[in-house]
Structure formats: C-alpha cells, structure tokens
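[1] this is a predicted model, with the sequence first.
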Amino acid sequence: MKIDLHIHTTYSDGMWSPQKVVDAAIDAGLEAIALTDHDNVLSYDVAVKYVDELTKKSGKKPLEIIRGVEVNTLYKGFEIHILGYFMNVNDPDFVEMIKTQQKARVEQTKAIVELLKKKAGIAVKFEDIKKLVANGGSIGRPHIAKAITVKGGTGSVVEAYNKYINDESPVYVKRNSVSPHEAVEVIYEAGGIPVFAHPFDVDIAEEITKELMHYGLRGLEAYHRKHSPAMVEYFSTLAEKLGLIVTGGSDFHAPNPINGQIIMGKNFIPDWIYDKLYEEKHRLDLARN
C-alpha cells in the first residue's frame, strides 16, 4: 500500500489546497495520506468532503485521508515537531493547545511586522500576510518572507529568510510555543498517537525521545526525505529498542522548485507502517477503555 503520512496544505505552509493535494496524491498512486498542517487541523474536513465528492462521481473511494497535525514546539533551544494521528480534535485540552499555538503565531507575526517597519523600513501589513494562508490557517515564516518580497523589501523569498526571518535577525521574534512534553501529552490524552517528526533535525533526539515517552510518545518518524538510509536504519532500530512504532512521509510542502517534480509519496515507505499505525491506534483504544 502506497502511503504518505506527512503532508502540508495552504492551511499552514503548504503551497496547495487540500483539494489539489488530494488530486496530486491520487495522480501519484497513493492510497492513503495524512494531512499534518502546523498547529492546524482544518484541512482534514475539506479533503474528506472532496474525496466524498470524487467517490460519488466514480463509485469508488480513490484515497483514504488520515487525520493528522504537526505541532511546533520549543525545548532547550531546539525546535521539536510533534506529529499527531487520529486524535479527537474536539477534546478540550487539544482545542486549547491549538488555540494557544494560533494566538502565539499571530502575536509573533505582528511583533515582526512592527520591527520590520521600525528597523528595516519595510511596511508589511499583518493583513497582507494573513491573506497568504487559507482562512483559519497557521501563519508562519514562509508567509512573512513572501510578504516582504512582494512588498519589495527583498528580491526573493530566500533573501527575506536570510536577512529577516531567522533567529539572528534583529527583526525576528521567537514564538511562545508549547513544550514537546505538553504537545505529546495532549495528543495522547485526546486519543491520538504522538510521533516525533524528522528526529534527525534535533541533536538531542535520543535523549528527548526517551523523555517524551513518559508523556505518551508512541512513535518516531524514521522515513523522511531528509533522512539518509543510514538515518532510517538508526531511528528504526531506536524505535524497535524503545518499543515505539515507525512512521514516515515526504513532509510535502510544494513541488520541487528546481524541476517542478512532485515529491509527494516519493519516499519509500513500507506497507507495514500503515498496518502498524492502525494496530497502535487499536491497542491504545483498548488500553484507554
């Protein structure tokens, strides 16, 4: 079964709408995908509705949509991303966490907009940035960088990142994100499966993995486009040693800017990952009941 468990849409920093993602996934021969927007779960219902429409037209369901999220957290100077699958998005603590994350994103963006005007003379409006995201979506660095470029503050989005949207820039303000411990615990208590996303990005990956297990962490994203075969082997072995499941995905945001290639589903993700994800969901449901 061809799957991709890490995909972004215009409800966070993805280039494509949920509908376009669904079309591209079907064209790529995928059978199941998880929409994992940053601090946002709105794309799921949009995608499911679209799949239902396609099913009525053809008489056959073309794609399975798995509910997901990617929560951006900060800990000891590291940005740690926690994926969640199958959680109850109406759980009060989960709703509050998403609300907190969204508020922090807005506050961060407005603070950066103010500093851009004062220190760099770039008059970007918050409303201009907000328009770059789907209604109710998560504003992030890519949207700020694009707005700066559109305003003429830089010649390219890459230049905007290098000059203004990085931790060392005098106009950049860090976001007040939740901790990875809180994200894991909230997802777990909401009936979901918390997974450590692209662990290679974090120098203390093994240390924090063991720590987060005490809060409900149940998986490691071993298969990722940034992970070499050696990294896949390392994190798969670590997961097996710790009794965690392995997940994987392309972390798709947009087609490759160099050649336009759609990399969605290009990672080799073994069939058993899909089965193990559902087995873990079933196991956790039995344990909670």
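    That came through, no problem. Numbers count the residues shown, from 1 in each chain.
[2] buried sites along the longest strand belonging to the chain?
    The single longest strand within the chain, with elements called by DSSP state E, is strand 64-75. Of all the residues in strand 64-75, those buried under the rule 16 or more other Cβ atoms under 10 Å are 64-73, 75. Placement of C-beta: from N, CA and C, glycine included.
[3] which residue, other than its chain neighbours, is closest to V173?
    Nearest residue to V173 in three dimensions, chain neighbours excluded: A111, at 4.2 Å (Cβ to Cβ, 6 or more residues apart in numbering).
[4] all the strands of the stretch 151-289 of the chain, residue numbers only.
    For the stretch 151-289 of the chain, applying DSSP state E, counting those that start in this stretch gives strands covering 193-196, 219-224, 245-249.
[5] do you know which of those strands lies nearest Y11?
    strand 245-249 (16.5 Å; Cβ to Cβ).
[6] for that closest one, output the C-alpha coordinates as CSV.
    The C-alpha atoms that make up strand 245-249 are tabulated as CSV, following Å, rounded to 0.1, in the frame of the first residue of the first chain:
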residue,chain,number,x,y,z
ILE,A,245,6.2,2.4,16.1
VAL,A,246,7.9,3.8,13.0
THR,A,247,6.1,6.3,10.7
GLY,A,248,7.2,8.1,7.5
GLY,A,249,6.3,10.7,5.0
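[7] show me how far that strand is from its chain's centre.
    14 Å (Cα atoms, centre = their mean, to the nearest Å).
[8] low-confidence ranges in the chain?
    256-267 (pLDDT under 70).
[9] repeat that with 90
    1, 28, 77, 166-167, 225-226, 254-269, 271, 287-289 (pLDDT under 90).
[10] all helices for it, in order.
    18-27, 43-58, 92-115, 126-130, 141-150, 157-163, 180-189, 205-212, 229-242, 271-288 (DSSP state H).
[11] nearest to A254 among the ones you listed would be which one?
    The nearest among these, by Cβ to Cβ, is helix 141-150 at 9.4 Å.
[12] got the buried residues for the closest one?
    Per 16+ other Cβ under 10 Å, helix 141-150 contains these buried residues: 141-149.
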